[in-house]
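**Student:** next comes the sequence, and after it the predicted model I'd like to discuss.
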Amino acid sequence: MSEQEEVSYSEAIQKANDSISRFPLIPIRGIPLMNYIANNFDSIQAFRPDPSDIFIATYPKAGTTWTQEIVDLLLHNGDAEFCKRAPTPVRSPFLEMFSPPPIPSGLELLSKMVPPRIIKTHLPFQLVPTGFWESKCKTIYVARNAKDNVVSYFHFDKMNLTQPEPGPWDGYVHKFMRGELSWGSWYDHVKGYWAEREKRNILYLFFEDIKENPQREIERIMRYLDLSVSDEVISQIVELTSFKSMKENPMTNYSCVPATVFDNSVSSFMRKGEVGDWKNHFTPEQSKMFEEDYEKQMKGVDIPFRSLI
Ligand SMILES: Nc1ncnc2c1ncn2[C@@H]1O[C@H](COP(=O)(O)OS(=O)(=O)O)[C@@H](OP(=O)(O)O)[C@H]1O
């Protein structure tokens, strides 16, 4: 994969331009999904991974792209040039993504690749094709604290012109709390994978931990994947996957998606990459209301999120 593939991916999106719109959501087993995904759900469910494939699962905006880059670099011993062979969504396809033709679906991209493939999903646990668990694929789940997650999703839904119109911030927070955004409830998502992590051997990570100590978390991923790279390479990967590096890297910053789909004048995909940006968005009243609801939705759950505050 190379320049040509990168160009053809961007060109395919450009060619689909007339069919791009804010797609409606259709529920699949109660989970709202973009209509193109919902309409192709049977073929997504039928996907059979290879046991060597690596599966990265997250609620949207929880650190997927960051983890995809870390894993690609670990698999290739920190080879920065090789990891620039194509943009993230081509190197590491999005399992359930279907878009208007001729944009290749995740399944189409996967069918042309040789395992081990790095496969992204936002599907909640109960919608993941059972083939992943039958094949015992290594699975990395990344969770991000709810308040920063909803802030990031809000900015993304404003700039991603295929997502439903987010509307004003206050209403958006309520939609998040009710699980009405694409891919459903954050609360059920983080709880679903947490409940299955031991049985399915899922490595459950937190955005805040990677931010606090990337070296420690990259080493955890390395051990989980049964890889061994030198300390020097780990340091290189820390540097290559810093927010600044990934924001500047055209292969990781989603500049492959034309402005007719990702409107960068509204917000960029690599927006801030921080912990605690929620403080710039929630009013004290919204924060109190959100926390009261959080207590109810997360009652009895022992996921070690940092304090919300
Ligand atoms: N290297 C690195 N360091 C810190 N933060 C990073 C990094 N890469 C991506 N990001 C931030 O992650 C948010 C995007 O999340 P995802 O990659 O999960 O998005 S997506 O769901 O795949 O569309 C989005 O968060 P916000 O900036 O808060 O909006 C990105 O900026």
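**Tutor:** On my side now, so go ahead.
**Student:** with adjacent residues omitted, what lies nearest to the residue of the stretch 151-300 of the chain found nearest the ligand?
**Tutor:** When scored by C-beta to the nearest ligand atom, the stretch 151-300 of the chain has residue 273 as its residue closest to the ligand, at 2.8 Å. In this view, the C-beta of every residue, glycine as well, is placed from N, C-alpha and C. Leaving aside its sequence neighbours, residue 273 sits nearest to residue 243 (C-beta to C-beta, 6 or more residues apart in numbering; 3.6 Å).
**Student:** please apply the same query to residue 141.
**Tutor:** Leaving aside its sequence neighbours, residue 141 is closest to residue 193 (4.4 Å, by C-beta to C-beta, 6+ apart).
**Student:** ok, residue 216 next?
**Tutor:** residue 209 (7.6 Å).
**Student:** how about the residues of the stretch 201-309 of the chain near the ligand?
**Tutor:** Within the stretch 201-309 of the chain, the positions lying close to the ligand (C-beta under 6 Å from any ligand atom) are 241, 242, 243, 246, 270, 271, 272, 273, 277.
**Student:** that older thread, any buried residues in the one helix or strand the residue nearest to residue 216 maps to, and which?
**Tutor:** Per DSSP states H and E: residue 209 is located in helix 207-212. In terms of neighbour count (16 or more other C-beta atoms under 10 Å), helix 207-212 has its buried residues at 207, 208, 209, 210, 211.
**Student:** ditto for stretch 237-252
**Tutor:** 237, 238, 240, 241, 246, 247, 249, 251, 252.
**Student:** mind checking which of those residues land in strands?
**Tutor:** The strands in this structure, assigned by DSSP state E, contain none of the buried residues of stretch 237-252.
**Student:** may I ask which two of those are separated the most?
**Tutor:** 238 and 251 (17.8 Å; C-beta to C-beta).
**Student:** does the residue nearest to residue 141 count as helix, strand or coil?
**Tutor:** helix (DSSP: H, G, I helix; E, B strand; the rest coil).
**Student:** quick one: it and residue 123 touch, right?
**Tutor:** No. Contact criterion C-beta atoms under 8 Å: residue 193 and residue 123 do not qualify, at 10.3 Å.
**Student:** may I have stretch 291-303 exported as PDB, CA atoms only?
**Tutor:** The C-alpha trace of stretch 291-303 is given here as PDB (Å, rounded to 0.1, in the frame of the first residue of the first chain):
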ATOM      1  CA  GLU A 291     -22.600  13.200  37.700                       C
ATOM      2  CA  GLU A 292     -25.900  12.400  39.300                       C
ATOM      3  CA  ASP A 293     -27.000  10.400  36.200                       C
ATOM      4  CA  TYR A 294     -23.500   8.800  36.000                       C
ATOM      5  CA  GLU A 295     -23.800   7.500  39.500                       C
ATOM      6  CA  LYS A 296     -27.100   5.800  38.600                       C
ATOM      7  CA  GLN A 297     -25.900   4.400  35.300                       C
ATOM      8  CA  MET A 298     -22.600   3.200  36.700                       C
ATOM      9  CA  LYS A 299     -23.900   1.900  40.000                       C
ATOM     10  CA  GLY A 300     -22.100  -1.200  41.300                       C
ATOM     11  CA  VAL A 301     -19.500  -1.000  38.500                       C
ATOM     12  CA  ASP A 302     -15.900  -1.300  39.500                       C
ATOM     13  CA  ILE A 303     -14.200   0.000  36.300                       C
END
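**Student:** thinking again about what came up before, show me what the helix holding residue 209 packs onto, helices and strands only.
**Tutor:** On a contact count with 3 or more C-beta pairs under 8 Å, 6 or more residues apart in numbering; DSSP states H and E, helix 207-212 meets helix 64-75, strand 138-143, helix 214-224.
**Student:** turn these into CSV, columns for mean pLDDT, distance to residue 167 and mean neighbour count.
**Tutor:** Listed next are the helices and strands packed on helix 207-212 as CSV, based on pLDDT from 0 to 100; distance: least, C-beta to C-beta, whole Å; neighbours: other C-beta atoms under 10 Å:
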stretch, mean pLDDT, distance to residue 167, mean neighbour count
helix 64-75, 98, 24, 23
strand 138-143, 98, 25, 24
helix 214-224, 98, 35, 17
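**Student:** find residues that contact each of residue 193 and residue 123.
**Tutor:** Shared contacts of residue 193 and residue 123 (C-beta atoms under 8 Å, 6 or more residues apart in numbering): residue 57.
**Student:** residue 305: how many residues sit nearby?
**Tutor:** 15 (other C-beta atoms under 10 Å).
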